[in-house]
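S.K.: based on what follows, work out the 3D shape:
(chains A and B)
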Amino acid sequence: MMTFISPRLRKPGIYALAGLLFSAAWLVQGGRLWWVSILALIGTVAGTVRLYQLGGTDTDEGDRIGSRADERQQLVSLRSRALACNLTAITSFIGLTAAVAVKGTWGWPFLVTLLITGYGYLFGLGTYTIAEEGTPDGADTRRQARPPVSS
Amino acid sequence: MRNRIREQRRQRGLSQAELAAALGVSRQTVISIESGRYLPSLPLAFTIARFFDLTVDKMFDPDDEDAGS
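M.R.: The predicted structure follows:
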């Protein structure tokens, strides 16, 4: 589906969709704070326009936002995501540990986040290792079958 | 690792933006590779070498740890 959308519109589009959902959530909630949905909507429109503008600039950020990142920019983005995931896992562990220490019932979101990051990491290892590892050729198979020390 | 991209680019009278467009990468990436701050992938290294009609080992010198100048 993403291939039908212009690259420059992809990230602003995802941002707009997320913002609309968040705004709708405030509206559905009702109550005295329904007006927060208006603020969220204004923020979403402003953010979407700004992202679209940035996506047209000749900078690393512009290339990433405009979905035309090359290998170096993708690598930088990947490292940043990995760092964010590490920080999330560490923060979740600290939160969970604190909740256990004070017998707080508010620790479960930290546990859920920790489990998701942990399983996500293991899932990634499994998926990418299987995708990238090859099978040994004949010579390697024979070498492995031989005992390590021959007398 | 030293490389000869800047030297070759200047010999051909190309700007960094023109080289980037020819290689299919961003101008910022050409700058990073020229300054030695980023080592390109093997496919990109071959693309660069072929663009300048050189071999990869002529374009990139692994024995020199200094950044390209």
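S.K.: surely A:Pro7 touches A:Ala69?
M.R.: No. Proximity of A:Pro7 to A:Ala69 does not meet the contact threshold set by Cβ atoms under 8 Å, at 9.9 Å. To be clear about C-beta, it is placed using only N, CA and C from the backbone, and glycine gets the same treatment.
S.K.: who's more crowded, these two?
M.R.: The neighbour count for A:Pro7 versus A:Ala69, taken as other Cβ atoms under 10 Å in any protein chain shown, is higher for A:Ala69 (21 against 14).
S.K.: quick one: the more buried one from A:Glu132, how far?
M.R.: Separation of A:Ala69 from A:Glu132 (Cβ to Cβ, to the nearest Å): 21 Å.
S.K.: how about the helix or strand hosting A:Gln53: buried residues?
M.R.: Taking DSSP states H and E as the criterion, A:Gln53 maps to helix A:36-54. Neighbour counts using 16 or more other Cβ atoms under 10 Å in any protein chain shown place A:Val36, A:Ser37, A:Ala40, A:Leu41, A:Thr44, A:Thr48, A:Leu51, A:Tyr52, A:Leu54 of helix A:36-54 among the buried residues.
S.K.: who's in contact with the fifth one?
M.R.: Think A:Thr44. Contacts for A:Thr44 (Cβ atoms under 8 Å, 6 or more residues apart in numbering or on different chains) come out as A:Tyr15, A:Ala16, A:Ala18, A:Gly19, A:Leu20, A:Phe22, A:Ser23.
S.K.: how about 10 Å then?
M.R.: A:Tyr15, A:Ala16, A:Leu17, A:Ala18, A:Gly19, A:Leu20, A:Leu21, A:Phe22, A:Ser23 (Cβ atoms under 10 Å, 6 or more residues apart in numbering or on different chains).
S.K.: you'd agree the first one is up against A:Ile65?
M.R.: Yes. Contact status for A:Tyr15 versus A:Ile65: in contact at 9.4 Å, counting by Cβ atoms under 10 Å.
S.K.: more crowded one of the two?
M.R.: Neighbour comparison, A:Tyr15 and A:Ile65: the larger count goes to A:Ile65, with 24 against 17 (by other Cβ under 10 Å).
S.K.: contact partners for the closest residue to the more buried one other than its chain neighbours?
M.R.: Nearest residue to A:Ile65, sequence neighbours excluded (Cβ to Cβ, 6 or more residues apart in numbering or on different chains): A:Gly55, at 4.2 Å. Taking Cβ under 10 Å, 6+ apart, we find A:Gly55 in contact with A:6-12, A:61-68.
S.K.: helices - which of these land there?
M.R.: Using DSSP state H, A:Pro7, A:Arg8, A:Leu9, A:Arg10, A:Lys11, A:Pro12, A:Glu61, A:Gly62, A:Asp63, A:Arg64, A:Ile65 are the members of these that sit in helices.
S.K.: thank you, goodbye.
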